[in-house]
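Student: fold the following.
(chains A, B, C and D)
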There are 2 protein chains.
Amino acid sequence: MTTQKGAEALPLNTIIDGDCIEAMLALPEASVDLIFADPPYNLQLKGELHRPDNSRVDAVDDAWDQFSSFAAYDRFTQDWLKAARRLLKPHGAIWVIGSYHNIFRVGAALQDAGYWILNDVVWRKSNPMPNFRGKRLTNAHETMIWASKSEGAKYTFNYEALKALNEGIQMRSDWVLPICSGHERLKDAEGNKAHPTQKPVSLLHRVLVGSTNPGDVVLDPFFGSGTTGAVAKMLGRHWIGIERDASYREIAERRLSKTRKYDASALEVTAGKRQEPRIPFGQLVERGMLRPGEMLVNTRGQMAKVRADGTLIGDDIKGSIHQVGAHLEGAPSCNGWTYWHFRRDGKQVPIDVLRQQVRAELKGSRAN
Amino acid sequence: MTTQKGAEALPLNTIIDGDCIEAMLALPEASVDLIFADPPYNLQLKGELHRPDNSRVDAVDDAWDQFSSFAAYDRFTQDWLKAARRLLKPHGAIWVIGSYHNIFRVGAALQDAGYWILNDVVWRKSNPMPNFRGKRLTNAHETMIWASKSEGAKYTFNYEALKALNEGIQMRSDWVLPICSGHERLKDAEGNKAHPTQKPVSLLHRVLVGSTNPGDVVLDPFFGSGTTGAVAKMLGRHWIGIERDASYREIAERRLSKTRKYDASALEVTAGKRQEPRIPFGQLVERGMLRPGEMLVNTRGQMAKVRADGTLIGDDIKGSIHQVGAHLEGAPSCNGWTYWHFRRDGKQVPIDVLRQQVRAELKGSRAN
DNA sequence: CCTAGTGCTGAATCATACC
DNA sequence: TGGTATGATTCAGCACTAG
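Tutor: As a prediction, the model looks like this:
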C-alpha cells in the first residue's frame, strides 16, 4: 500500500457535515481513488401528479433540488466538478448519475473540466414508475457517466471481475437492476421513506467492484442515505461522505454502523431471475420479418392483415394476435403465436418460428 | 389536407444537395412536423477539427485545444439546432441520436436553444461490437433525445400505437433492437458497407409510428444512407433529406426509388379514447336512454338521481356525473362514465355502454 | 406450510376542449 | 385570451392478510 501526500488528513470512513464544495476544498488534493456522485437532478416539477386510481405521487420536491435556471445549475455543476477533480489522484475516476433533466449538462461540464469520458452506462430499471397519463414513454432508465481524470490517464477497471458478475460474458454499458424498494429501502420512525432517492446496493456494488480495489478511498459528495459508504465498507474500501442535511447524516450513520464487511445478504437482489424474454409481436414488424399489409392465416384458412403497430385487422375485429385469434375461435383466450401462420416458400409457417429467431439473436448477446 | 404557408416551396420527397445549415435556412419556416437527426460526432478526432479562426488543431491533449475542439463542435451544434427549430411547426418535434462522445453537448444545446426534452431513449443494441481490449465496458447502446419545440408545446405521441407494438404494455425509454446488418446493410460495388453508421429500419419505424401521423413531413438534415426517408416513405409520411456527400446521396436515391409504401389500411394504427367524439351525458337523457328521476349507483352502492338537464343529485351534492363521483370518493377527479351504473335486466351496467351506443350510431350516420 | 389476493409505491419535467 | 369542466390514465415488485 502506498503512502500518499496529505493522506493523514483524510477523514476516512466518516460523514463530513457541510456543503460539498467547501468540504472538498478542505480535503488534501490528489487523495481519492474514486468519486461517486448523485447530484440534484433539477427535476423542475410543476403541479401534482395522480395515478389512475387517484392516489398522489410522492414527488421529489425538496428544496435541495430547486435551481433558478439552467445557468445556476451549470455554475453549481462546474464548481463541484472542479473541486472533485482536484481531490482525485492522477489515476482516479469519477461516476456521476443523473436523468435527462440534468445529465446532458453534467456530461458537457465533465468534458469541459478536463475529465475524459470512458463510458456512459445506462441503468435500466426493471420496475420503473409508469407514465400515468400516457403522454410520454415510461422513463425507465437513468444514465451514469464514468470518466477518468484526464485524457490518457490510467484508471482502474476490473474487467474479469465484472465479466464474472455477468455470468462469463463481457459486461455491457446497460445494466438491468431493480429500483431500491422493500426492506432495502430505509424508513424513518413513522415508516416513511427516509430519503427520496435512495440508490440500490446492487448498482453501487457493480460500480465499486468494477472500478476500485480493496483499500481504495471512495468519496461521495452527495452522501444522502449512504449507499456508497455502505457498499464500500462491505467491499473493504475506505469511504468518505459529505452531507449537509442532518437527518440524512443521521440515517446514514446508523446504516453504516450496522454494515459489516462482506455482508453479502443485501446483494441477493442483484442475482435477478432469468427467464425467457418476452418478445412483442410488434417487434417482428419493426424488424421487417413481417411487413405491414401482409396477411396471416389460421388453420381454417381465415385471414388477418398485419398493421404497422403490430396489431391485426380481420373482417370485423382488430387487436393483438391473441385477441383476433380468440375472437375468430369464439374462445376466451388464444395463443396467437401458434395460431397464426405466414407463407414462406409456399408453405405455412407459424409466426412462433420468427419469435424463436429473435430469442436466439438475443441469447447471443445475453447479458443482463 | 390543409394548405400551409410556404409549403409550395417544400421540396417533398427529395434529397437536397448541400450543407445542412444553409439548406435548412433556405426552406420555409414552420413547415416541418418532425426532424430526425444523426449528426456527425467524429469532429473532435485529431486532424478533423479547426479552431474558430480556421487554424488547424493538432495537439489534442493540450488543454486549450481540447476546449477549442469542444467549442467548435458546440458552435456547429447550436447553428444546426437553431436552423432546425426555425423549420419546425409549433407542434413539431425533433429526435437526435448520438453516443457519449457528443450526446451530452447536443442535449445541453437542445435545452439552451429552447427545445423541451420529452424523453431520452436508449437504443440497446442486441449485437454490439465487443470491447476487444477489455479496457472498458462494451459500448452497447446509443442515446436518442426526443424534444418538442418549446416548453408546454403540443406534440404528436401515438401512445396506443406504441403500446400495441409492445403487446399491450406501455412503451419504455429503453428499446432493444439489433444493429443494421445482413441484407439490410447497404453495400457498394465492392461489397463494402456503403455508409459507416447506417441506422436500422426498426429504429426509425418505432420513432415515426410513435411521433408522426400519415401525411406528416419528416426532415433528416444528415440523411446519409437514407433510412429516415425509406421508413417515412413506407409509412406514408413525406420526407426531405439533406446530404452533402454525393456518394451517400446516390445510394440513398437508389434505395428510395426501390422503397414502396405499405397499403393504407396497414398504416392505420390503434387510436386512443381521446380521439373519440365527446358525448355530453345530457344527451343520454335527451335521447331517452336514461329517464329523469332514474337512479344511478356506484360500486359501493351509493345512489344519485338523474335530472332532466343531465346533472345528478346525491344526498348532499349536485353536479355533473364527474363532480358527484369525485365528491363521493373524496378524489381530485373522477370519470363518471365508468363510475356510475344503471340497472338493466337486474344487472348493473356502466353508463359508458350507453355512450358507446351513441358513438356507434354517430359513426353509422357519418358513413352515409 | 403454501397460494391467492389486496394494497401500496417508485428522481415525473404526465391535458385539453370549450365557452 | 383565460377560466372552467370534462374525463383519460399504470407496471412491477414487495409486504401483508386470508384461507
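Student: next, the closest residue in space to residue A:37 that isn't next to it in sequence: secondary structure please.
Tutor: Once flanking residues are discounted, residue A:37 sits nearest to residue A:96: 4.8 Å by Cβ to Cβ, 6 or more residues apart in numbering or on different chains. The C-beta positions use only the backbone N, C-alpha and C, and glycine is treated the same way. Residue A:96 carries the three-state label strand when classified by DSSP: H, G, I helix; E, B strand; the rest coil.
Student: do the same with residue A:28
Tutor: Per three-state DSSP, residue A:28 ends up coil.
Student: how near is it to chain B?
Tutor: As defined by Cβ to the nearest Cβ, to the nearest Å, residue A:28 lies at a distance of 23 Å from chain B.
Student: doesn't residue A:111 make contact with residue A:117?
Tutor: Yes: assessed by Cβ atoms under 8 Å, residue A:117 is found in contact with residue A:111 at 6.7 Å.
Student: before we move on, the earlier item: let me see the contact set for the residue nearest to residue A:37.
Tutor: A:37-39, A:103, A:106, A:110, A:144-145, A:147 (Cβ atoms under 8 Å, 6 or more residues apart in numbering or on different chains).
Student: before we move on, back to that, residue A:117 and residue A:111: which is more packed in?
Tutor: residue A:111 (24 against 18; other Cβ atoms under 10 Å in any protein chain shown).
Student: burial of the closest residue to DNA strand C within the stretch 1-150 of chain A, as a residue count?
Tutor: Residue of the stretch 1-150 of chain A nearest DNA strand C, by Cβ to the nearest atom of the strand: residue A:133 (2.9 Å). Using other Cβ under 10 Å, residue A:133 is surrounded by 11 other residues.
Student: residue ranges with poor pLDDT in the stretch 1-150 of chain A?
Tutor: Along the stretch 1-150 of chain A, segments meeting pLDDT under 70 span A:1-8.
Student: quick one: the strands in it?
Tutor: For the stretch 1-150 of chain A, the strands defined by DSSP state E, counting those that start in this stretch cover A:14-17, A:32-37, A:88-98, A:116-125, A:141-148.
Student: how is chain A divided into domains?
Tutor: A:3-47+A:54-273, A:276-367 (automatic domain parsing).
Student: do the shortest one and chain B meet?
Tutor: Yes: under the criterion of Cβ under 8 Å from any Cβ of the partner chain, domain A:276-367 makes contact with chain B via A:278, A:280-283, A:285-288, A:291-293, A:305-311, A:313, A:318, A:320, A:361-362, A:364-365.
Student: from those, which ones fall inside helices?
Tutor: Among those, DSSP state H puts A:281-283, A:285-286, A:361-362, A:364 in helices.
Student: spatially nearest residue to the most centrally placed residue in chain A (excluding sequence neighbours)?
Tutor: Compute the mean C-alpha point of chain A, and by Cα atoms, centre = their mean the closest residue is residue A:123, 1.9 Å away. Leaving aside its sequence neighbours, residue A:123 sits nearest to residue A:142 (Cβ to Cβ, 6+ apart; 4.8 Å).
Student: quick one: distance of stretch A:311-328 to the chain centre.
Tutor: 37 Å (Cα atoms, centre = their mean, to the nearest Å).
Student: scratch that, stretch A:160-180 is what I was asking about
Tutor: Relative to its chain's centre, stretch A:160-180 lies at 12 Å (Cα atoms, centre = their mean).
Student: so how many other residues sit close to the nearest residue to residue A:245 once chain neighbours are set aside?
Tutor: Nearest residue to residue A:245, sequence neighbours excluded (Cβ to Cβ, 6+ apart): residue A:64, at 7.3 Å. Applying the criterion other Cβ under 10 Å, we find 14 residues in the vicinity of residue A:64.
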